[in-house]
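Q: Show me how the following folds:
(2 chains)
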2 protein chains.
Amino acid sequence: MSFKPFNPPSRTLMGPGPSDVHPQVLQALGKPTVGHLDPSFIAMMDEVKALLQYAFQTQNPFTIAVSAPGSAGMETCFVNLVEPGEKVIVCRNGVFGERMRQNVERLGGEAVVVDDAWGTPVSVDKVAAALEAHPDAKFLAFVHAETSTGALSDAKALCALARKHDCLSIVDAVTSLGGVELRVDEWGIDAIYSGSQKCLSCVPGIAPVSFSPRAVAKLEARQTPVPSWFLDQTLVMGYWSGTGKRSYHHTAPVNSLYALHEALRLLHEEGLENAWARHANMHQKLKTGLESLGLSFVVDEAHRLPQLNAVYIPQGVDDAEVRGQLLNRFNLEIGAGLGDLAGKAWRIGLMGHAAREENVTLCLGALEEVLS
Amino acid sequence: MSFKPFNPPSRTLMGPGPSDVHPQVLQALGKPTVGHLDPSFIAMMDEVKALLQYAFQTQNPFTIAVSAPGSAGMETCFVNLVEPGEKVIVCRNGVFGERMRQNVERLGGEAVVVDDAWGTPVSVDKVAAALEAHPDAKFLAFVHAETSTGALSDAKALCALARKHDCLSIVDAVTSLGGVELRVDEWGIDAIYSGSQKCLSCVPGIAPVSFSPRAVAKLEARQTPVPSWFLDQTLVMGYWSGTGKRSYHHTAPVNSLYALHEALRLLHEEGLENAWARHANMHQKLKTGLESLGLSFVVDEAHRLPQLNAVYIPQGVDDAEVRGQLLNRFNLEIGAGLGDLAGKAWRIGLMGHAAREENVTLCLGALEEVLS
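A: This next block holds a predicted model:
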């Protein structure tokens, strides 16, 4: 057998992620590898932490990047915080709420599921009722921005409810971080995770995570060891924190962290509010164009994510054929439907560096050609 | 606060990993990101699988790269295969055998530890006795190449013993893969994991894993769900295998897999036996030089890893001062001692692309200057 170097095509990435990676991020990624305990690298990690605190709008000292994708970020929150037998109110209005439920149950926790229809936000009223009905619940877990549907839930109201009932909140911000308003400290979020490859426009494989002091106290008061050695944050913190010597836990993904540093630096340079506004503006332009093509949105305007636009596939149109043409003729990736929406919707991402005028114009023009 | 782009220093990496990354691997890493379900990427993943089968010398269909560092590769093997209450013979002759024990116990398994002194290989006789004494053991777990000491164990003999006693073998090949002889099928290894950042000379963050059909059968016969959703290989295989449609599990670390593809391609181009010989040759040259500097090895010659050279720090020499000078004056990283050897030994890596004439000469020259 013979193997040639891989030369990927140049795609425009407007699916549910990975999104277009900023050229400076790719450049940072390819810089020479240094040791994971190199003083220069440790100093860079301190900046990554400060930049993550900015992106999350938090002062939490426990703010790090997990050395694995967003799904491992989710697992980091559940595996460290939820002990066997503990009750978790899990909100399910798409694929990722269901994944949360699976995390809880695999850990021996008890999941109380609050269901809402796909494409709608988590119902604050239902959650209030569930918290009333389950005074022994220890956690409220929900997805801020459901990547499978494009629905935005009211994280501020949900976290306030969690506090009122003395529950810790666990929030999925994989698709929301950097794309819509998110204020960890102001909203009282206790454990939050995200991914690198959505609105941060970084390469996939890294998961920002932050724990409030309340969450850290829960972790430190565990009665049982964290079942995962790799994700045990009591061990990981020996590497990510402290002003003195860092202790080895696992080998950090050095180059991916270069990339995350640059992606976060670009977000800081733009300003968080400006980034949110850019996503909103590009969404308006895309929305107008999609509607004039006759496409209709899965999610009501009031709860619609600017960065993830799920639209119904028109009747009689071949899903795979359209996506194939966009990819092959225009090097443009949009996302297929997932779960209940498979074959019924497309998901058009405007995430991070992908939320640009030229992308919107390309996407609308290409869709018009392919659908006509 | 203001943040500048990070420009890492150009180091020569001769510690216990990450090792020097081949320039072509860095180049591959920085190529444009495509979607994790892009047909071009799926085709590349098939090549990664074939190249990993070559590197591991196996026909196992279940041969993949876990989207996280080597420690997660370890956890992948234990979390998928070991069920609560099952007995595992764990060989401990360094840091990583101890980590295996922690994995077993966190999963509710029962670890029977076979201890050998740090710097010595796993005793085949002790393992034989442990297997006799524990006929109910289901697994034998050991480290092929102990990164904390530089000792090489006899994987072939140990796996033969495991088979004889109807145990599945779980083998840590983090530092051995690509550096010394390793034949998964011929030796009858059942579950094996490695890391990207040692003798493959790839960036850190990816863990090659292979399961034999016997290990897959054990996984499929589980009585309890895999406790980790992220590492559940019954789910991951829907993404990594099959000739038809790949199903989404988590977003693969696209660019890191570009890098792994290139690193494995370079290994295939060189030829596995040639790579093993190169490591052995460079080790001979390094050994001669180190000994003429008066340094002595932690491990006896018969069990010494060519790619990881642990040498005692001479009396009266300041460990941190020497490593600091090597780093600051020569941009050369060597490794500190770990665990029992902290402060007592240095670990000099000759892994993958770092196993080159110029590296050996630089390391010997710099050590001579600093120690004189």
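
Q: Distance from stretch A:108-126 to the middle of the chain?
A: Centroid displacement of stretch A:108-126 relative to its chain, using C-alpha atoms, centre = their mean, to the nearest Å, is 18 Å.

Q: Can you give me the first-to-last residue distance of it?
A: Across its full length, stretch A:108-126 reaches 24 Å between end residues, using C-alpha to C-alpha, to the nearest Å.

Q: Flag every buried residue along that stretch.
A: A:109-112, A:114, A:116, A:118-124 (16 or more other C-beta atoms under 10 Å in any protein chain shown). To be clear about C-beta, it is placed using only N, CA and C from the backbone, and glycine gets the same treatment.

Q: With distance to chain B, pLDDT and secondary structure added, can I get these in TSV?
A: Putting these into TSV (distance: C-beta to the nearest C-beta, whole Å; pLDDT from 0 to 100; DSSP: H, G, I helix; E, B strand; the rest coil) gives the following:
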residue	distance to chain B	pLDDT	secondary structure
A:Gly109	11	98	coil
A:Glu110	15	98	strand
A:Ala111	13	98	strand
A:Val112	19	98	strand
A:Val114	20	98	strand
A:Asp116	22	98	coil
A:Trp118	16	96	coil
A:Gly119	19	97	coil
A:Thr120	22	98	coil
A:Pro121	23	98	coil
A:Val122	21	98	coil
A:Ser123	25	98	coil
A:Val124	27	98	helix
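
Q: got the buried residues for the helix or strand A:Asn281 falls within?
A: In this assignment (DSSP states H and E), A:Asn281 forms part of helix A:272-292. Neighbour counts using 16+ other C-beta under 10 Å place A:272, A:275-276, A:278-280, A:282-283, A:286-287, A:289-290 of helix A:272-292 among the buried residues.

Q: how about that helix, does it get close to chain B?
A: No - under the criterion of C-beta under 8 Å from any C-beta of the partner chain, chain B is not reached by helix A:272-292; the shortest gap measures 13.4 Å.

Q: Could you point out the helix or strand that follows that helix?
A: That would be, after helix A:272-292 and using DSSP H and E, strand A:308-312.

Q: I'd like to know which elements that next one is packed against.
A: helix A:272-292, strand A:345-349 (3 or more C-beta pairs under 8 Å, 6 or more residues apart in numbering or on different chains; DSSP states H and E).

Q: try 6 Å
A: Counting contacts by 3 or more C-beta pairs under 6 Å, 6 or more residues apart in numbering or on different chains; DSSP states H and E, strand A:308-312 packs against strand A:345-349.

Q: List the neighbouring strands of the strand it packs on plus their orientation.
A: strand A:308-312 (antiparallel), strand A:332-336 (antiparallel) (DSSP bridges).

Q: Check what contacts that strand and list those residues.
A: A:14-16, A:19, A:298, A:308-312, A:334-335, A:337 (C-beta atoms under 6 Å, 6 or more residues apart in numbering or on different chains).

Q: Nearest to B:Ser256 among these?
A: For the contacts of strand A:345-349, the closest approach to B:Ser256 (C-beta to C-beta) belongs to A:Ser19, at 16.9 Å.

Q: quick one: contacts for the closest one?
A: If you count contacts by C-beta under 6 Å, 6+ apart, then A:Ser19 has A:13, A:201, A:349, A:351-352, A:354 around it.

Q: so what's the backbone phi/psi at it?
A: Main-chain dihedrals, A:Ser19, degrees, to the nearest 10: phi -100, psi 170.

Q: Please report how far it lies from A:Trp346.
A: 15 Å (C-beta to C-beta, to the nearest Å).

Q: Just the local confidence number for A:Thr243, please.
A: Note on A:Thr243: pLDDT of 59.
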